[in-house]
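Undergrad: Predicted model follows, preceded by the sequence.
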Amino acid sequence: MKRDISFSARSRRREVLMGLLFILPWILGLLIFTLYPVVASFILSFTRTGEGSAIKWVGLDNYITAFREPDFFRAILNTLILSLIGIPVAQIMSLVAALLLNVKMKFQGVFRTIFFLPSVVPAVATGLLWKWILNPRLGPINTFLDSIGLAGPGWLADPAWVKPSLIIMSFWGIGGTMVIYLAGLQNIPTEYYEAAKLDGAGSWACLKYITMPMLRPVTLFNTIMAIITSFQSFSNIIIMLDMDGGMKKAGLVYGLYIYTNAFRDFKMGYSSALAWILLAFTFVSVMLTYKFFNRSGDQEVS
Amino acid sequence: MRKMILVLLIMSVAVISFCAKEVVFWNAWGGDEGKALDSIIDRYNKSQSKVYVRSVYVPIGMGEKIMTTLSGSTTPDVITVWDWMVVPLGYRGQIVPMNDRLAKAGITSSDYIKGVWEYGTYKGKKYGLPTTLNVSAFMWNKNAFKEVGLNPDVPPKTIKELDEFTDKLNKYDKKGALKRLGFDPVISHIYCYVFGGQLWDPATNEITANHQKNIEAYEWLSSYYKKVDLQKKRIFQAGWGDLFSSLNPFLRGEIAMKEGSQWEILIAKKYGKSTFDYGISNFPAPQGGRNDVCNVSGSFWVIPTASKNQDEAFEFLTWLTADKQAAEFAAALYNIPPKIKSLEDNAFKTIVDDKMKIYIDMLMNGYVYTFPMLPIGQAYLTELTQALMDVQLGNKTAKEALDYVQERINQELKNYK
């Protein structure tokens, strides 16, 4: 026995070493490509590049500047509007889609695939596609409206319609959330429904008192993910609009604002500061969502 | 015999790799233009054995690739950037000023077309060499002129005439949707200069966004848009096709008058219908304005500070921008070479027709200006564009909008002093 212990200790150490060796590439990747940029951007956010590559330490100046910039507030406001309207509606839509696709029927798998497919399309392709769909003169939506005698809106060509256009486009990507809702639905034991039915509950009561509470953790997860994605939205917007977020900067979202400052105006320090403000902002929003879900829930369902 | 060839081949490769310094060149042209540039570079590689230039096609795009590569320690030796990137990059020390090297090489302002030497220069430091020039002129569709009963050979000379012509040329369908836009001003700062204003005062080194004449130009531009319903125009515009195709709205007669660059001559030749006829002239100007305004834009060749072969890179650039090569490359792009002697070179003369002559004449004898080169990138241009939109939508008066730009950009520029 004694011999075994010393042997196993040595082999344990060897095992750990081997393990570390195997995950070394990943650790290196994490350190070099994730941790280093994160730390670097934090340091950069306190600097400004002056004349002749001199990096000046400006303290909190970049952070203070942000709160004086009209575009900063415009970007936050735009992002908030898109999120506050887009996220709840997208959640409801994906839940409805999930409920419908949870019904046992023929070709269930096919329908599920069809609903999920759009979220496989890369953001850039989605942007290009929607730019065309929403084309006020040649796009299919306005062509259809025209054929039934309605004048379609200017969509992206009209500052008032830019945000609705972007929200409508975001529904294109509900497939991801829908799949998670579907998985959540399948985890609800059928006995609950059977019991409820015996007590005379209708399908609305089932939805309200069984499905929704049982899905609470899934909804929380989906909402938080949606907040994070929505705050970072960028690729399809830059494809559909321009660097300034289109007419009247109506689509200037926060991600776009960071990008233009970094790569068009070459203000790396300032845009790093913006990125950290976004992190703080996301953190607060997620915490609020968490609180909201916990408080409004009767009891946490695990 | 085969062995001999192999040995020779290996030796030659060895010779090249040991003796020649490799200069990595990021060029920004694909297609035929890229081929033309590569064949010019080939000639350079064969003409000497000291430097081997490796040309890599990297489209400029926005600044992310350029910024990323310049931040590293191994950069290409020559890169191609947009004109507005030159000063921001130079100011931040990421590309080198060329003044000393240019002086040593005996290249002076007199080699260049008047006004072009200062292009890409900030506080006396010259950060790059223009690749070729892009010039804007006034273009009009003669077919459309005939259709509405205007003399197709006489463009508008004054702003008043331009307004009258525009009214005649705007065309709507039964439902009231635009079928043809009479006039499409895109580069709004051209009209600031046309009205006699300026965006920048070279004497005081100050921006002059709210110059009285700029305000007048903005007032006119927005009154123009009040005539054409902005909403209708945007919807019409959304259906325009790619400029570099037969769907080009000017070639299709969807725009009657506009600003047009010299490369559009080539586009019209390639994609225009045989019946399509158009004219080119100076911009119409109001009383007291400038009737010879010539806006120049383009791209630049610059040398990164981190390049380890700066001397070789500069030597190559000197060769590439020499009169003959500049002429050849400009001809391939249907642009105008920035040097005076290149204009006379046979390689360029092959593309000079009556239309191109008008551009060259504007460039040589006109009021040449470039958008002010400031370390703040495109922020000034963006603010000017947004200001115009505010005026068009009636949110602000021209004066309010431009005062705001003036204040905001000056505020921003304070960080760069």
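TA: Here it is on my side, so go on.
Undergrad: Other residues contacting the host helix or strand of residue B:87?
TA: For residue B:87, the element it lies in under DSSP states H and E is helix B:83-91. With Cβ atoms under 8 Å, 6 or more residues apart in numbering or on different chains as the test, helix B:83-91 has contacts from A:51-52, A:265-266, B:60, B:63, B:66, B:70, B:81, B:95, B:97, B:119-122, B:125, B:127-128, B:130, B:297-300, B:302, B:370-371, B:373-378, B:381, B:416. For every residue, glycine as well, the C-beta is placed using N, CA and C.
Undergrad: Just want the most central residue of the chain.
TA: Reading this off chain A. residue A:229 (1.5 Å; Cα atoms, centre = their mean).
Undergrad: ah, no, chain B please
TA: Mean-position check on chain B, Cα atoms, centre = their mean. Result residue B:297 at 2.5 Å.
Undergrad: I'd like the secondary structure assignment at that one, please.
TA: strand (DSSP: H, G, I helix; E, B strand; the rest coil).
Undergrad: so it makes contact with residue B:373?
TA: No - between residue B:297 and residue B:373 there is no contact under Cβ atoms under 8 Å: 11.0 Å.
Undergrad: Just the mean pLDDT for stretch B:153-163, thanks.
TA: In this model, stretch B:153-163 has an average pLDDT of 95.
Undergrad: Could I get the contacting residues of the residue in chain B positioned nearest to chain A?
TA: Residue nearest to chain A within chain B (Cβ to the nearest Cβ): residue B:93, separated by 2.9 Å. Counting by Cβ under 8 Å, 6+ apart, residue B:93 makes contact with A:49, A:51, A:52, A:53, A:54, B:305.
Undergrad: The last one: neighbouring residues, count only.
TA: Residue B:305 has 18 neighbouring residues, counting by other Cβ atoms under 10 Å in any protein chain shown.
Undergrad: Give me the pLDDT for it.
TA: For residue B:305, pLDDT reads 92.
Undergrad: The following helix or strand past the helix holding residue B:87 and chain A, are they touching?
TA: Downstream of helix B:83-91, the first helix or strand assigned by DSSP H and E is helix B:99-105. No - counting by Cβ under 8 Å from any Cβ of the partner chain, chain A is not contacted by helix B:99-105; separation bottoms out at 14.1 Å.
Undergrad: Would you mind listing the residues in contact with residue 185?
TA: Went with chain A since none was named. Residue A:185 neighbours (Cβ under 8 Å, 6+ apart): A:98, A:99, A:102, A:211, A:215.
Undergrad: looking at chain B here, not the other one
TA: Going by Cβ under 8 Å, 6+ apart, residue B:185 touches B:191, B:221, B:224, B:258, B:259.
Undergrad: Give the burial count for the third one, as a bare number.
TA: Here the count is done by other Cβ under 10 Å, and residue B:224 has 19 residues near it.
Undergrad: Check which helix or strand it maps to.
TA: Assigned by DSSP H and E, residue B:224 falls in helix B:212-227.
Undergrad: tell me what that helix is packed against?
TA: The contact analysis (3 or more Cβ pairs under 8 Å, 6 or more residues apart in numbering or on different chains; DSSP states H and E) places helix B:212-227 against helix B:159-169, helix B:188-194, helix B:379-392, helix B:398-413.
Undergrad: Would you mark the buried spots in stretch B:49-64?
TA: Buried positions in stretch B:49-64, judged by neighbour count with 16 or more other Cβ atoms under 10 Å in any protein chain shown: B:51, B:52, B:53, B:55, B:58, B:60, B:62, B:63.
Undergrad: sorry, back to before: counting only strands, which of the contacts of helix B:83-91 make the cut?
TA: B:81, B:121, B:122, B:125, B:130, B:297, B:298, B:299, B:300, B:302 (DSSP state E).
Undergrad: so what's the fourth one bridging to?
TA: I take that to be residue B:125. Beta bridges link residue B:125 to residue B:122 when assigned by DSSP bridges.
Undergrad: Count the residues that sit near it.
TA: 16.
Undergrad: isn't it right next to residue B:99, touching?
TA: Yes - in this structure, residue B:125 is within contact of residue B:99 by Cβ under 8 Å, at 6.3 Å.
Undergrad: so what's in contact with the two at the same time?
TA: Joint contacts of residue B:125 and residue B:99 (Cβ under 8 Å, 6+ apart) do not exist.
Undergrad: What lies in contact with stretch B:351-364?
TA: By Cβ under 8 Å, 6+ apart, stretch B:351-364 touches B:113-114, B:133, B:135, B:137, B:262, B:265-266, B:280-282, B:292, B:294, B:296, B:331, B:334, B:336, B:343.
Undergrad: Out of those residues, which end up buried?
TA: B:113, B:133, B:135, B:137, B:262, B:265, B:280-282, B:294, B:296, B:331, B:334, B:336, B:343.
Undergrad: Nearest to residue B:207 among those?
TA: Proximity of the buried ones among the contacts of stretch B:351-364 to residue B:207 (Cβ to Cβ) peaks at residue B:296, which lies at 18.8 Å.
Undergrad: can you pull up the bridge partners for the residue nearest to the centre of chain B?
TA: residue B:134.
Undergrad: And residue B:196, which helix or strand is it part of?
TA: Going by DSSP H and E, residue B:196 is not in any helix or strand.
Undergrad: All set now, cheers.
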